[in-house]
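> got a predicted structure here, sequence first:
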Amino acid sequence: MSARANLALLRAEVGKVWASPILEITVALMAVMTLMSVQPITELVRHSDFSSVFRSAVMGSVSATAASLMLPWVIMCGVLMALSFARDYESGLMQSVLSTPVSRKTFFTVKFFAVVLPLMLLSWLLTTFFVGLSFYSDLLMVLRFSLCVLPVSFLSLMFCGGLGVLVALVVKRTIPAVLTSLLANFFIWYPANIDTEWLLREGVGYVNYLCLTPHEGALVFLDRLLGIVPMGISQIEDALQFTLSTSSFAVLLIFYACVLVIPLFVYFIRRFEVCE
Amino acid sequence: MRINSTVRLGLIVLILGVVLLFSVLSTHVGYSYKATIGRVEPGDTFAYGLFLAPVGVGNISLDGETVVMGPEMDGPEDATFVTFVRLVVVSPSGETLVDMEGIVPFSVSVDFTERGEYVVYVTNLGDETVPIPVAAEFPRDNGVVNREADKFLVSIILTVSGTAILCIGLSATLLIKPKKAVGRPVADAV
C-alpha cells in the first residue's frame, strides 16, 4: 500500500477511535486533573535571583502538570487501545479489513499510533496551555520546557498501549478487555503517586527501586530533561533516582516502550488468529 | 442527530472554560509572603522581586520583624527593628506604583493589576545596619478575594465562546438539511 493510503487509513482510524464523546471526555479528564493540582504562583525573592527563580518555577510547573496528566493519559491509552483492538476483533471488522490489501503490519501500526499520537499531542498541548496561562510573560521558555513532555509521554504511552494491546489480544472481548486494561494500567501507574523522597528519608527500603518502574521512571526522566535539581537531598543522595544518569533513565524508558510492543507486533503479524 | 465538528469544538472549548472557571473561583492567592535578604547598610538599597498574578489590592508591608541568632545556647529568636526607609514599588510594565518614605513598621496598599515581576526597592535611610524584611499580604477581612483576574477573564472568554460555537454547531445540525447523496436514483440504475 502507498504512503497516502496508509495515511488515509490512519486518519480513518483516528476518527473512529476519537469519535464523540471520547475526545471530549479525555480533554475534560485531563483539564480537571491538571487544575486540581495547580495553585496561584507567588514568589518573593532577591531581584537579582528573579530570573533563575522564574525559570525554576516554570520547570516545576511543567513537571507538576505532566505528573497530573499522567493518570488520564495512562488510563485513556489502556482503555482506548483495548477497545480498539478487542472491539474490531469481536465485531469481525479485523477479519474484514485484513482480507483487503491492508497488511497486518499496517493494520497494527495504524491502530496503535491512532491512540498514542493524539494522546501525546493532547498531553503536550494541555501542558503548554495551563503552564502558559501562569507564565505567559515568557512563552518561549514555556514552549521550550513543555516540549520535554513530548518524548516522555510518547515513551510512557508506548508502554501503556502495549499493555492495552496485550490484554486485548489475550481477552479478545471488548468489555472485559477494557476493564482489565484499565485496572492493569492503574496498578502499574500507582507507584508514580508515591512520595518517594519522603519515604526515602524515612528509610523505607523498597522505595529506592520505584524509580525503575515505568511511570515513576518517566517522571524522573522528565525532571532530568527539564534540569530540575532536587533540594535538600543530602541524606538520600545515594538513592537510585539521584545516582542514575539521565541517559540510564532514557534507556530504561526505551526498554519499557519496546518490551511489550515489539513482541506483540511480531506475534500479531505472524501468529495471531484473526478469527476463531 | 449527527454531531458535527463545530459542536465538538464548542464542547471542548466549553469544557476547558468551565473547568478553568471553577478552578479560578475556588483558589486565591495566599495570605502572606515574606522575605529577608540580609542586612542593609545605611544609604544602601535592596531590591526584591515579587512574582504575582493580577490579584487586585494587597499590601506591601515592612513590619521590621525578623529572626536573628540569639546568644549561643538560645538559638534563633524574634527581633524587631525600627528604622527610616524609602520604599519604591515598580510594576512589571515599569510604572512606579509607590514611592514613599516612612518609619518601619508600616504598610502600603498596592493594586496588583498585571502578571509579572513587581520590583520592590527598599533603601535604608537610618543610621544603623538592619535587616528590612518585606512582606506581601492579602488580608481577607475587607471582603476582597484575591483571585487571578487574567485567568478569570480567559475562563469567561472560553466559556462564552465555547457556548456560542456549540450553539452554532447545534443549530446547523438541527436546521440545515443533510445533503442528498449524489448519483442516480436506484430505480434509474436498475
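Yep, that arrived. Residues are numbered from 1 along each chain as shown, chains lettered A, B, ... in the order given.

> how close does the nearest residue to residue A:180 once chain neighbours are set aside get to residue A:83?
Distances taken as C-beta to C-beta, 6 or more residues apart in numbering or on different chains put residue A:167 closest to residue A:180, at 4.9 Å, once the chain neighbours are dropped. C-beta: built from backbone N, CA, C; applies to glycine. Computed with C-beta to C-beta, to the nearest Å, the distance linking residue A:167 and residue A:83 is 11 Å.

> list residues touching both of those two?
The contact sets of residue A:167 and residue A:83 overlap at residue A:177 (C-beta atoms under 8 Å, 6 or more residues apart in numbering or on different chains).

> ok, these two, which is more surrounded?
Looking at residue A:167 and residue A:83 with other C-beta atoms under 10 Å in any protein chain shown, you find the greater number of neighbours at residue A:167, namely 25 against 20.

> need the next SSE after the helix or strand containing the more buried one, C-terminal direction.
If you go by DSSP states H and E, residue A:167 is part of helix A:149-171. Scanning forward in sequence from helix A:149-171 by DSSP H and E, the next helix or strand is helix A:174-189.

> list the buried ones in the helix or strand of chain A with the lowest mean pLDDT?
Lowest on mean pLDDT, DSSP states H and E among the helices and strands of chain A sits helix A:196-202, with a mean of 78. Going by neighbour count (16 or more other C-beta atoms under 10 Å in any protein chain shown), the buried part of helix A:196-202 is A:196, A:197, A:199, A:200.

> I'd say the first one and residue A:216 touch.
I take that to be residue A:196. Yes - under the criterion of C-beta atoms under 8 Å, residue A:196 is in contact with residue A:216, at a separation of 7.1 Å.

> between those two, which contacts overlap?
With C-beta under 8 Å, 6+ apart as the test, residue A:196 and residue A:216 both reach residue A:210.

> end-to-end on stretch A:221-230?
Length of stretch A:221-230, first residue to last, C-alpha to C-alpha, to the nearest Å: 13 Å.

> in it, what's buried?
By neighbour count, and taking 16+ other C-beta under 10 Å as the criterion, the buried residues in stretch A:221-230 are A:221, A:222, A:223, A:224, A:225, A:226.

> tell me what the next helix or strand after the least confident helix or strand of chain A is packed against?
Beyond helix A:196-202 on the C-terminal side, the first helix or strand identified by DSSP H and E is helix A:214-226. Helices and strands touching helix A:214-226, by 3 or more C-beta pairs under 8 Å, 6 or more residues apart in numbering or on different chains; DSSP states H and E, are helix A:50-91, helix A:149-171, helix A:174-189, helix A:246-270.

> please export the C-alpha coordinates of the next helix or strand after helix A:214-226 as CSV.
Following helix A:214-226 in sequence order, the next helix or strand is helix A:240-243 (DSSP H and E). The C-alpha trace of helix A:240-243 is given here as CSV (Å, rounded to 0.1, in the frame of the first residue of the first chain):
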residue,chain,number,x,y,z
LEU,A,240,19.0,5.3,42.8
GLN,A,241,16.8,8.1,41.4
PHE,A,242,19.7,10.6,42.1
THR,A,243,22.7,8.4,41.3
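
> distance of residue A:230 from residue A:144?
As judged by C-beta to C-beta, residue A:230 and residue A:144 stand 21 Å apart.

> my error: substitute residue A:111 in the last question.
Taken as C-beta to C-beta, the spacing of residue A:111 relative to residue A:144 amounts to 33 Å.

> from the chain's centre, how far out does the longest helix along chain B sit?
For chain B, the helix reaching the highest residue count under DSSP state H is reported as helix B:149-175. Between the centre of helix B:149-175 and the centre of its host chain there is 24 Å, according to C-alpha atoms, centre = their mean, to the nearest Å.

> tell me what that helix is packed against?
helix A:104-134, helix B:5-26.

> buried stuff in the first one?
Going back to what we said before, that points to helix A:104-134. Buried residues in helix A:104-134 (16+ other C-beta under 10 Å): A:104, A:106-116, A:118-120, A:122-124, A:126-134.

> packing partners of that helix?
Using 3+ C-beta pairs under 8 Å, 6+ apart as the contact definition, the elements that helix A:104-134 packs against are helix A:3-17, helix A:22-36, helix A:50-91, helix A:93-98, helix A:139-146, helix A:149-171, helix A:246-270, helix B:149-175.

> run through the chain and note the low-pLDDT ranges.
Just so you know, I chose chain A. A:1, A:37-38, A:232-234, A:276 (pLDDT under 70).

> not quite, I wanted chain B
Judged by pLDDT under 70, chain B has its weakly predicted residues at B:1, B:64, B:67-77, B:141-144, B:177-190.

> and the strands in it?
Listed in chain order, the strands of chain B (DSSP state E) span B:32-35, B:39-40, B:45-52, B:56-62, B:65-69, B:76-80, B:84-90, B:96-103, B:106-112, B:116-124, B:130-131, B:134-137.

> what is the first one packed up against?
What that stands for is strand B:32-35. Under the contact criterion of 3+ C-beta pairs under 8 Å, 6+ apart, strand B:32-35 touches strand A:43-46, strand B:134-137.

> pipe the ones you listed into a markdown table and attach mean neighbour count per row.
Formatted as a markdown table, the entries for the helices and strands packed on strand B:32-35 read as follows, by neighbours: other C-beta atoms under 10 Å in any protein chain shown:
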| stretch | mean neighbour count |
| --- | --- |
| strand A:43-46 | 18 |
| strand B:134-137 | 20 |
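
> with distance to residue B:167 added, can I get these in a markdown table?
Compiled in a markdown table, the helices and strands packed on strand B:32-35 are given as follows (distance: least, C-beta to C-beta, whole Å):
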| stretch | distance to residue B:167 |
| --- | --- |
| strand A:43-46 | 41 |
| strand B:134-137 | 42 |
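
> enumerate every residue touching residue 58.
Defaulting to chain A. Residue A:58 sits in contact with A:131, A:135, A:138, A:141, A:142, A:145, where contact means C-beta under 8 Å, 6+ apart.

> hm, I was asking about chain B
If you count contacts by C-beta under 8 Å, 6+ apart, residue B:58 has them with B:29, B:109, B:110, B:112, B:136, B:137, B:138, B:146.

> sweet, I'm off.
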